[in-house]
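K.L.:
sequence and predicted model, in that order:
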Amino acid sequence: MDTTERTIGVVGEAFPLRPGVLMPDWSLVTEATAHEALAASMIAAQRSEKLSGLNAAEDLIWRTILLAFARSVAVPDVAWLVARTDLDEALVAEILRALRRRDLVVLDDRGMAVQAAYPFSAQETVHRVHLAGAGAVHALCAIDALGMGAMLACNTAIESSCPECGTPIRIATCDDGHALASVTPGTAVVWAGIRYADGCGATSGCTVKLFSCSDEHLTAWRQRVDPQGAGFRLPVEAALQVGKGLFVPMLAAQPDGGEA
Ligand SMILES: [Zn+2]
């Protein structure tokens, strides 16, 4: 890592994801609570250590997987990735294992198919996201659902529900996924729980990052499910900022106009 690219200070720590692209993008995170929640999540998931030093082949396969999910390819697997890159099967399988160690993907038992790649899940979740001009996909958690639109530069319509009462929660984004168009009900909030285990955010932190219909039901859910759990209660706008700061860099091209 080129230490001159590290930025430590009021904007928070960032590291180079690929040439010219810093992770996270703190310029998209202006709310203090959003800043705290993202910083805590980065540390809990050891993202700086896990993502640093991504090589070009890993980066290519990772971005190919993300775009596959965005285009509703059901489950990108080794054969599908081999057909779309110049890499051979053994190398693609090895890269998938490397991406798994970096906690960028979740693989099936054989390690040959991608079951999830943050923010996407091949399996149904409570967070369904309609992508403007494309299909609908499932997100691993509330933050992933919110960050997806800006990552793909498209407007989204998110459908989720309150874990306490089942009330539908609908959020629409505009400005290519960068801003909130509507939040229903207007009392909805986000809980960004901080948890990490077994080297896998999908089965740990993602289970405690959710939408609630109201502060009352968020309090009730925490008391019922995770009374000791650390985390941040965020207005939806602040949670959107957390999602943007984390996910926009994932498909960002280098500033000189390299391929995205
Ligand atoms: Zn509720």
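P.N.:
Alright, I've got the coordinates. For clarity, every value in this text was computed on a predicted model and none was experimentally measured. Numbering: from 1, shown residues only.
K.L.:
which residues of the chain lie near the ion?
P.N.:
Listed as neighbours of the ion in the chain under the rule C-beta under 5 Å from the ion: 162, 164-165, 167, 213, 217. To be clear about C-beta, it is placed using only N, CA and C from the backbone, and glycine gets the same treatment.
K.L.:
and the pLDDT at the closest residue to the ion within the stretch 1-150 of the chain?
P.N.:
Residue of the stretch 1-150 of the chain nearest the ion, by C-beta to the ion: V126 (12.7 Å). At V126, the pLDDT value in this model is 97.
K.L.:
and for it, the neighbour number?
P.N.:
17 (other C-beta atoms under 10 Å).
K.L.:
any of the residues of the chain next to the ion buried? List them.
P.N.:
162, 164, 167, 213, 217 (16 or more other C-beta atoms under 10 Å).
K.L.:
and the first one, what does it touch?
P.N.:
I take that to be C162. By C-beta atoms under 8 Å, 6 or more residues apart in numbering, C162 lies in contact with 169, 188, 211-214, 217.
K.L.:
which parts of this protein are strands?
P.N.:
15-18, 21-23, 105-107, 114-117, 120-121, 127-131, 136-139, 156-161, 168-174, 179-184, 189-193, 209-212, 231-235 (DSSP state E).
K.L.:
make TSV out of the ones you listed and add distance to C200 and mean neighbour count.
P.N.:
Output for the strands of the chain, formatted as TSV (distance: least, C-beta to C-beta, whole Å; neighbours: other C-beta atoms under 10 Å):
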stretch	distance to C200	mean neighbour count
strand 15-18	20	20
strand 21-23	19	21
strand 105-107	7	21
strand 114-117	9	24
strand 120-121	13	22
strand 127-131	18	21
strand 136-139	16	20
strand 156-161	21	20
strand 168-174	26	19
strand 179-184	30	14
strand 189-193	15	25
strand 209-212	14	28
strand 231-235	18	19
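K.L.:
for this protein, longest helix please?
P.N.:
helix 56-70 (DSSP state H).
K.L.:
CA atoms only: put it into PDB for me.
P.N.:
The C-alpha coordinates for helix 56-70 follow below in PDB (Å, rounded to 0.1, in the frame of the first residue of the first chain):
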ATOM      1  CA  ALA A  56      -6.200  -6.600 -10.900                       C
ATOM      2  CA  ALA A  57      -7.600 -10.100 -11.500                       C
ATOM      3  CA  GLU A  58      -9.400 -10.100  -8.200                       C
ATOM      4  CA  ASP A  59     -10.800  -6.600  -8.900                       C
ATOM      5  CA  LEU A  60     -12.000  -7.700 -12.400                       C
ATOM      6  CA  ILE A  61     -13.800 -10.800 -11.100                       C
ATOM      7  CA  TRP A  62     -15.300  -8.900  -8.200                       C
ATOM      8  CA  ARG A  63     -16.700  -6.200 -10.400                       C
ATOM      9  CA  THR A  64     -17.900  -8.700 -13.000                       C
ATOM     10  CA  ILE A  65     -19.800 -10.500 -10.100                       C
ATOM     11  CA  LEU A  66     -21.400  -7.200  -8.900                       C
ATOM     12  CA  LEU A  67     -22.600  -6.300 -12.400                       C
ATOM     13  CA  ALA A  68     -23.900  -9.800 -12.900                       C
ATOM     14  CA  PHE A  69     -26.100  -9.400  -9.800                       C
ATOM     15  CA  ALA A  70     -27.200  -5.900 -11.000                       C
END
